[in-house]
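Novice: model the structure of this input:
(chains A and B)
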Amino acid sequence: GDSVTQMEGPVTLSEEAFLTINCTYTATGYPSLFWYVQYPGEGLQLLLKATKADDKGSNKGFEATYRKETTSFHLEKGSVQVSDSAVYFCAQGGSEKLVFGKGTKLTVNP
Amino acid sequence: DAGITQSPRHKVTETGTPVTLRCHQTENHRYMYWYRQDPGHGLRLIHYSYGVKDTDKGEVSDGYSVSRSKTEDFLLTLESATSSQTSVYFCAISGTAQSNNSPLHFGNGTRLTVT
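Specialist: Residues are numbered from 1 along each chain as shown, chains lettered A, B, ... in the order given. Take a look at the predicted model:
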């Protein structure tokens, strides 16, 4: 069945470091791909999305490109901030419901 | 803010008791979902609804039932709570009648502890 695999955490970085969180998916067809972020004590929020191959989603300095050939949607940010500390979830959706990865916890230290 | 309210926000209950969690939306969205979040498992879909009185099972539906008698409310019931159902439960909504692939908007969760 459809699935999403993302890198295990936790990830700890210093402020202004470069961030990559890997995400790959298996699906029939061409699903939309999403990154969600969860701050402590809150529900998930959509961070960015891409709906077709080679699309790049971007928001708040984060980017991810839909790579059909490698079935990947890696999340990147050039310079992280302490406020980016959160749990990040990759997800795919091709029908009525999304399939989520297990989440990657990011901690950014000053 | 997508206008989703979950109640209660926290609940402690005893094994074997029934529990109902409520999700209320003000957005008139067609799709509503119940997820549970557990360490090491991420989010897992329990049940979802694609319209009034139209529901379907997710990947972890055993021990749970749902009802949707009107567009704005989606109830999750644990008929007889067990300790394995201790979790954080999230409701989410999505879409309009024209789209079934729009992003999810989540509530702030209900932390349920079964003792």
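
Novice: show me where chain A dips below the pLDDT cut-off.
Specialist: Counting by pLDDT under 70, the low-confidence segments of chain A come to A:94-96.

Novice: would you mind listing what in it touches chain B?
Specialist: Counting by C-beta under 8 Å from any C-beta of the partner chain, the positions of chain A adjacent to chain B are A:32, A:34, A:36, A:41-46, A:49, A:51, A:89, A:93-98, A:100-103. For glycine as for every other residue, the C-beta is placed from the backbone atoms N, C-alpha and C.

Novice: looking at the residues you listed, which are in strands?
Specialist: In strands, defined here by DSSP state E, the members of the residues of chain A next to chain B are A:32, A:34, A:36, A:44-46, A:49, A:89, A:93, A:98, A:100.

Novice: between those residues, which has the most around it?
Specialist: Highest neighbour count within these, by other C-beta atoms under 10 Å in any protein chain shown: residue A:44, with 29 neighbours.

Novice: could you verify my assumption that that one touches residue B:103?
Specialist: No - contact status for residue A:44 versus residue B:103: not in contact, 9.8 Å apart, counting by C-beta atoms under 8 Å.

Novice: relative to residue A:9, which of the ones in strands among the residues of chain A next to chain B is nearest.
Specialist: Closest approach to residue A:9 among these (C-beta to C-beta): residue A:89, at 11.1 Å.

Novice: report the contact partners of the closest residue to the closest one other than its chain neighbours.
Specialist: Spatial nearest neighbour of residue A:89, excluding adjacent residues (C-beta to C-beta, 6 or more residues apart in numbering or on different chains): residue A:36 at 4.4 Å. Residue A:36 is in contact with A:44-47, A:88-91, A:100, B:104, counting by C-beta atoms under 8 Å, 6 or more residues apart in numbering or on different chains.
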